[in-house]
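>>> Next one to model:
(one chain, ligands or ions: 2)
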Amino acid sequence: MATHRNGYSGLQIGLHWLVLVMVLVQILIAENMTEMVDAIEEGTAVPPEAAFWGPVHYWLGISILAIMVVRLIVRLVSGAPAHAGDQSPALVAIAATLHWTFYVVLIAVPISGLVAYYGLADVGDIHGLARPVLLTLIVLHALAALYNQFVRKDGTLTRMFRPQA
Ligand code: HEM
Ligand code: HEM
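Ligands and ions are numbered 1, 2, ... in the order given. Sure, this is the predicted structure:
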């Protein structure tokens, strides 16, 4: 796997920040999907707001899945730069684990959503764990990035904004 690069590519950077926005919107509108499927299951009218945002949850979720698959391929083919600064091997390993966990979670969560939607309603409860799991991962990851950038001053955040070939 290629890891000896100076920075992330424009594509990697663009998709990184796009996925952040999409995931935050997805979490904010998710309850509408629950309302929509509950109403359909109970045979009651779907509230207008849920009838609008439920399908948005569906398509936004599938788009996140597609983008994460593209990101995974790009990551495997073109790699990532070595960790900025001279951090301890343990912290570097934790950061790498967190990065790979994002790929696993953001591919598994939409798939579990599709499974819940197309039949196995019980899977919906597991799928709903996406909110606490993702918010925890994002907070830890963002705090680590901010710490590296502003306390250790190693340019970690800067390189997620400045593309390198
Ligand atoms: C990264 C993508 C996704 C995230 C972060 C996400 C997140 C969530 C969350 C947090 C809930 C629980 C909402 C509540 O509090 O009631 C939920 C519900 C649901 N989502 Fe997603 N979702 C994603 C993708 C998808 C996709 C692609 C589908 C496919 C149709 C889907 C279908 C559903 C369904 C059916 C429910 C209701 C589950 C139930 O209560 O039984 N989701 N989603
Ligand atoms: C849904 C939210 C997020 C996801 C899924 C995510 C995912 C990732 C992944 C997988 C990487 C590794 C590089 C790659 O393979 O593309 C990465 C790197 C990075 N992320 Fe995020 N991230 C999110 C939110 C954030 C936030 C909120 C910040 C900052 C406040 C941030 C800052 C960074 C930085 C600075 C790097 C580069 C780390 C390095 O060079 O070692 N990310 N992110």
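>>> From here on, just use CA atoms for contacts and neighbour counts.
OK.
>>> In this structure, what helix or strand scores lowest on average pLDDT?
Taking mean pLDDT, DSSP states H and E as the measure, the helix or strand of the chain with the lowest value is helix 123-128, at a mean of 94.
>>> Packing partners of that helix?
Counting contacts by 3 or more Cα pairs under 8 Å, 6 or more residues apart in numbering; DSSP states H and E, helix 123-128 is packed against helix 89-117.
>>> Any residue of the helix it packs on touching ligand 1?
Yes: residues of helix 89-117 contacting ligand 1 under Cα under 6 Å from any ligand atom: L106, V109, P110, G113, L114, A116, Y117.
>>> how about these, which pair is most distant?
Spatial extent of these (Cα to Cα) is set by the pair L106 and Y117 at 16.9 Å.
>>> which one of those two has more residues nearby?
Set side by side, L106 and Y117 show more neighbours around L106, with 21 against 16, by other Cα atoms under 10 Å.
>>> I'd like to know how far that one sits from ligand 2.
Distance, L106 to ligand 2, by Cα to the nearest ligand atom, to the nearest Å: 7 Å.
>>> got a pLDDT number for that residue?
Note on L106: pLDDT of 98.
>>> There's contact between it and A66 in this structure, I believe.
No: with contact defined as Cα atoms under 8 Å, L106 does not reach A66; the gap is 9.9 Å.
>>> mind listing what the closest residue to P55 other than its chain neighbours touches?
Once flanking residues are discounted, P55 sits nearest to M33: 7.5 Å by Cα to Cα, 6 or more residues apart in numbering. Counting by Cα atoms under 8 Å, 6 or more residues apart in numbering, M33 makes contact with A50, W53, G54, P55, H57, Y58.
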